[in-house]
Structure formats: structure tokens, C-alpha cells
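> Quick one: sequence and predicted model below, then my questions.
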Amino acid sequence: MMAGIMSYFGGRRDTKQAARDAIVGLRQQLQMIEKKEEHLQKKIDEELKKAKANAVSNKAVATQALRRKKMNESEMDRLAGQRLQLELQINTLESANLNAETMAAMKKASTVLASIHGNMTMPDVDSTMAKITEQREIANEIAEALSNPSGTMDADEDELQAELAELEQETLDERLAGAEHVPLHIPAGARRVEERPKVAVEDDEEAQLRELQAALAM
């Protein structure tokens, strides 16, 4: 009685191995049937050959050969039915074994997930995410403060803008002054007159006299 109970629980604990043993046994039986079918097929071929050889000369022998051939073919049909049943049972066992292993894996994964989520609740998750967001914002504020170390950045910015405006005005003035000093195409004599420095300021009459003299000389 006790041995039967232990065997029962032992069998339940080792279901996977039991399924494998059953599949091995079925495959061995299937191999035996296939060998028997090969033997019967040879006998069928021999009886058919004998019947053909005696079909004209000895019809009695030919008839007996055909009867044995028919008997062997009936046995072949019976073995074919057994082979089909064995193959179906093997497929069923393999499928059941796969289902059992899949279920065991899923059950194990479910247990692991339950242990992982055992001490985890949605309020805890929300609280943790809120803390992470808060710390991220603090880190961003610190990084921004470190990137602008001067506390008078606005005042410095105003001074920089004023200095930039002065530089722009100076640049424009220099460009205008350069445009006024662009050399023009004038006669060589006039250029020499302009280049000579005036020693004293002359009155209008003397200036007009000199202009007349210059005109007559030309």
C-alpha cells in the first residue's frame, strides 16, 4: 500500500521522465512493426513471383502462392493500422510533454514575477517617479546656475550692448571718412597746387590776380 502511494507521488514528481520513457517504448515498438512490414513485403514479392512463374504450367501452385500473398497483404494492412496508432500516440505524448513543460515554465515565471512585485505597489511607484522628476529638475537648475556663474549677467549684458553700439558707430564713421578721402581724377597741375601748403592767407584781390596770371600763362 505504502509502496503504491510512494510510487504514485514519485510518478507525479517525475512526469517528464515518464513521458520520455513512454515515447522511447512506443518508438521501439514502431521499429519492430516496420521490420515486420519489410519482411512481409519480401514474402509478398516472392509469392507474386512464384504465382507468375506457375500461372500457365501449374495453376494449383500459382493459386496457393496467390492465397499466401493475399494473407501476407492482410497482415500488412493490420500492421499499417497498428503503426498509425503508435505514431498518433507518440505525437500525442510529445505534444502533452511540450504543454507540460510550457506550463511549468509559465508557472515558474509567474512565481518570479509575483516575488518581484510582492513589495511593489502603484503608490510606491508614483512616489518614486515623483522624486525622480523632482531631483531631475533640481539637477537642471544646478547645471543652469553653474553655467552662469556671474550674478550680474544682466548688467554686463547691457554694458556689452552699449559697447557694441559704440564700436558699430566708430566703424561707420571710419568707413565714411575713408569714402571722403577717395582720390579723384584731377589734372596734375591742379594736384600740385592743392598739395602745396598755404604759407599765409591772401586777400581776395591778390587771389584773383594770381588766377588771371595763371590763365594768361596757359
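It's in. Numbers count the residues shown, from 1 in each chain.
> Low-confidence ranges, this protein, go.
1-13, 148-156, 179-203, 205, 209, 212-218 (pLDDT under 70).
> Could you pick out the longest helix of it?
helix 59-117 (DSSP state H).
> Helices of this protein, start to end?
According to DSSP H, the helices that the chain contains are 2-13, 15-53, 59-117, 122-147, 153-180, 188-195, 204-217.
> L30 is in contact with R83, isn't it?
Yes. The pair L30 and R83 qualifies as a contact (Cβ atoms under 8 Å) at a distance of 6.2 Å. C-betas here are computed from N, CA, C, even on glycine.
> Tell me how many other residues crowd E47.
Using other Cβ atoms under 10 Å, E47 has 21 neighbouring residues.
> ok, for it, nearest residue in space, not its chain neighbours?
Among residues not flanking E47 along the chain, K69 sits closest, at 3.8 Å (Cβ to Cβ, 6 or more residues apart in numbering).
> measure that neighbour to S147 for me?
Per Cβ to Cβ, to the nearest Å, K69 is found 100 Å from S147.
> So the most centrally placed residue in the chain versus M103, what's the distance?
The residue lying closest to the centre of the chain (Cα atoms, centre = their mean) is A109, at 25.0 Å. Using Cβ to Cβ, A109 is found at 11 Å from M103.
> again with R210
As for R210, its distance to M103 is 126 Å (criterion: Cβ to Cβ).
> got it, and A22?
Following Cβ to Cβ, the distance that separates A22 from M103 is 18 Å.
> quick one, which of these two is more surrounded?
Set A22 next to M103 and count neighbours by other Cβ under 10 Å: A22 wins out with 15 against 10.
> How about the more buried one: what's its closest non-neighbour residue?
Using Cβ to Cβ, 6+ apart, the nearest residue to A22 is L93, at 5.7 Å.
> Would you check that that neighbour makes contact with A19?
Yes. At 5.7 Å, L93 and A19 qualify as touching, with contact defined as Cβ under 8 Å.
> Looking at K69 and S147, which one has more neighbours?
K69 (19 against 7).
> Test my guess that that one contacts K42.
No. Counting by Cβ under 8 Å, K69 does not reach K42; the two are 11.7 Å apart.
> got the contact list for L93?
L93 makes contact with A19, A22, I23, L26, according to Cβ atoms under 8 Å, 6 or more residues apart in numbering.
> Which of those residues are buried, as a PyMOL select command?
Filtering the contacts of L93 down to the buried ones (16 or more other Cβ atoms under 10 Å) takes a single PyMOL command:
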select buried, resi 19+23+26
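> rewinding a little: chain center to the longest helix of the chain, what's the gap?
42 Å (Cα atoms, centre = their mean, to the nearest Å).
> now the angle from that helix to helix 15-53?
On the basis of axes from the mean of the first three to the mean of the last three Cα atoms, to 10 degrees, helix 59-117 is oriented at 160 degrees to helix 15-53.
> ok, the closest residue to T15 other than its chain neighbours - how many residues close by?
Leaving out its chain neighbours, the residue that sits closest to T15 by Cβ to Cβ, 6+ apart is A100, at 6.4 Å. If you count neighbours by other Cβ under 10 Å, A100 ends up with 13.
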